[in-house]
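1. Structure for the following, please:
(2 chains)
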Amino acid sequence: MTVLAKRIIPCLDVKDGRVVKGVNFVNLRDAGDPVELAALYDQEGADELVFLDISASNEGRATMIEVVKQTAGEIAIPFTVGGGISQVDDMKRILRAGADKIGINTAAVLNPDLISDGARRFGSQCIVVAVDAKYNEIWGEWEVYTHGGRKPTGIRALAWVKDAESRGAGEILLTSMDADGTKDGFDLPLTKAVSSTIGIPVIASGGAGKTSDFYDVFTEGQADAALAATIFHYKEIAIPDLKQGLKLKGVEIR
Amino acid sequence: MGIAIVDYGMGNLHSVGKAVERLGFEGIVTGDERVILEADGVILPGVGAFGDAMEHLRETGLDALVRKAAASGKPLLGICLGMQLLFDESEEHGRNTGLGILPGRVVRFQGGNYKVPHMGWNRLEFKQPDSPLLAGLTEGHVYFVHSYHVLPERGDDLLAVTDYGHPVTAIVGRDNVYGMQFHPEKSSELGMALLGNFLSLAEGRKERS
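-> This is a model prediction of the structure:
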């Protein structure tokens, strides 16, 4: 049986049109330019990109549209834009500017119809539901958090991803709040639990530190894609080396 | 006269246009008859549903224009839904007639063990490595997003396939007419090289004429 290639996805946090958080490329003219960084990742073999817009103002969001337009002209891989999208009109603006997919998180929890409305309008393949999950000791399973991980919702993550799938989500971008920032590896129990609960692709996020972490999340964790930010931005892992390493271990990689 | 990217009012053609420009060609997103007929090559992109797309093409008279462009001998490339539109008919949302430039039909993936849509990076297998479209290229991964696939009537129209539970039509070609089921403009290096080969064909024709 053939399989689709496992995807490696760098994530860029963008505020008011500038890349923030941990970008350290010496060979860039302007390390804060999201378009230039995106083009570099494309060249290095990234399979997809995610832009997370963390602008707090309307002006910042308007700037993001410009970034999307320019990026669409510069790169030849698919990219997702998330952050602050709460209406179908927002989705339309970003897709028209040239993004391939839209990521929704808090807004989808507050208004799950947004998933079905978006999927009906643009197709499921455009709708990525981002889920921030944290282990709840009392429940013995994972809980969904919103508002950038600040607010517990009382919603069980496994039930939520199933619901999101049935409403038409095309993919789940799953961030483990327990693993995020640790560099100790992806959250394998969480990723595996979510992957085996739903039939749509799962992008694992949070905890990547070394090549074997990616191997583990693609095999044991059953993830379809893996996302990381800092380790790529700081060149702790170079994407060509990572992909070569995974290929050698028998993972299907582009 | 550049490359005409046929605009029939569906979806975003920006990415295709920009990809053409990055390869050093003039990409003109247009629905204009004169521009399309005078262009060195024509690209028919496509997003959305087969029936809606055909309706838009018919309403604007672009269906006849694309057929005319194909008959003129200039290179024509259908991308994704644009490739499917080149064939006789599709079973997407009932039965819809296509442009009928290439014989064959478009059917839905059966699913089963395979997720539908077929979305992601899948590997091309060249059936006719000697085709000018595949010249100088080696097999690799390209980016697919589709729920329907083409069954061409003639086996020798098939230039490349990919495997998704069964062989899936990935590239077709006959004379000056080509189609790619995946998105070359989203398929990084290999995608751009394939698009580049198509553009070279358009350029070569111009130089000969």
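2. burial measure for the residue nearest to A:P78 when sequence neighbours are not counted, as a count.
-> Counting by C-beta to C-beta, 6 or more residues apart in numbering or on different chains, A:D100 is the residue found nearest to A:P78 once chain neighbours are left out, at 4.0 Å. The C-beta positions use only the backbone N, C-alpha and C, and glycine is treated the same way. A:D100: 23 surrounding residues under other C-beta atoms under 10 Å in any protein chain shown.
3. out of all of them, which helix in chain B is the longest?
-> helix B:188-208 (DSSP state H).
4. What are the boundaries of the helices in chain B?
-> Using DSSP H, helices in chain B cover B:14-22, B:33-38, B:50-60, B:62-71, B:81-85, B:188-208.
5. which residues does the residue nearest to A:P78 contact?
-> A:78-80, A:126, B:186 (C-beta atoms under 8 Å, 6 or more residues apart in numbering or on different chains).
6. Of the residues you listed, keep whichever come out buried.
-> Buried by 16 or more other C-beta atoms under 10 Å in any protein chain shown: A:78-80, A:126, B:186, out of those.
7. Identify the farthest-apart pair in those.
-> A:C126 and B:K186 (13.1 Å; C-beta to C-beta).
8. And for stretch B:151-162, what's in contact with it?
-> Contacts of stretch B:151-162 (C-beta under 8 Å, 6+ apart): B:87-88, B:102-107, B:122-128, B:131, B:133-134, B:139, B:142, B:144, B:167-174, B:178, B:182.
9. May I see the buried residues of that stretch?
-> Buried residues in stretch B:151-162 (16+ other C-beta under 10 Å): B:152, B:157-162.
10. Then stretch A:71-85?
-> Buried, per 16+ other C-beta under 10 Å, within stretch A:71-85: A:71-73, A:75-85.
11. Now find how far off-centre stretch A:231-238 is within its chain.
-> 17 Å (C-alpha atoms, centre = their mean, to the nearest Å).
12. taking the mean pLDDT, what do you get for that stretch?
-> In this model, stretch A:231-238 has an average pLDDT of 90.
13. Restricting to C-alpha, output it in CSV.
-> The C-alpha coordinates for stretch A:231-238 follow below in CSV (Å, rounded to 0.1, in the frame of the first residue of the first chain):
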residue,chain,number,x,y,z
ILE,A,231,14.1,24.3,16.0
PHE,A,232,13.8,25.3,12.4
HIS,A,233,14.2,29.0,12.9
TYR,A,234,17.3,28.5,15.0
LYS,A,235,18.7,25.9,12.6
GLU,A,236,18.9,23.4,15.4
ILE,A,237,17.6,21.0,12.8
ALA,A,238,18.0,21.7,9.1
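14. What's the separation between the residue nearest to B:G51 when sequence neighbours are not counted and A:G199?
-> Closest residue in space to B:G51, ignoring its immediate chain neighbours: B:N96 at 4.4 Å, by C-beta to C-beta, 6+ apart. Distance, B:N96 to A:G199, by C-beta to C-beta, to the nearest Å: 28 Å.
15. which regions of chain B lie under the pLDDT threshold?
-> Across chain B, the ranges flagged by pLDDT under 70 are B:10-12, B:206-209.
16. Show me which residues of chain A are close to chain B?
-> Contact residues (C-beta under 8 Å from any C-beta of the partner chain) of chain A with chain B: A:1-2, A:4-5, A:7, A:42, A:45, A:47, A:69, A:72-74, A:76-78, A:95-98, A:100, A:124-125, A:170, A:199-201, A:224, A:254.
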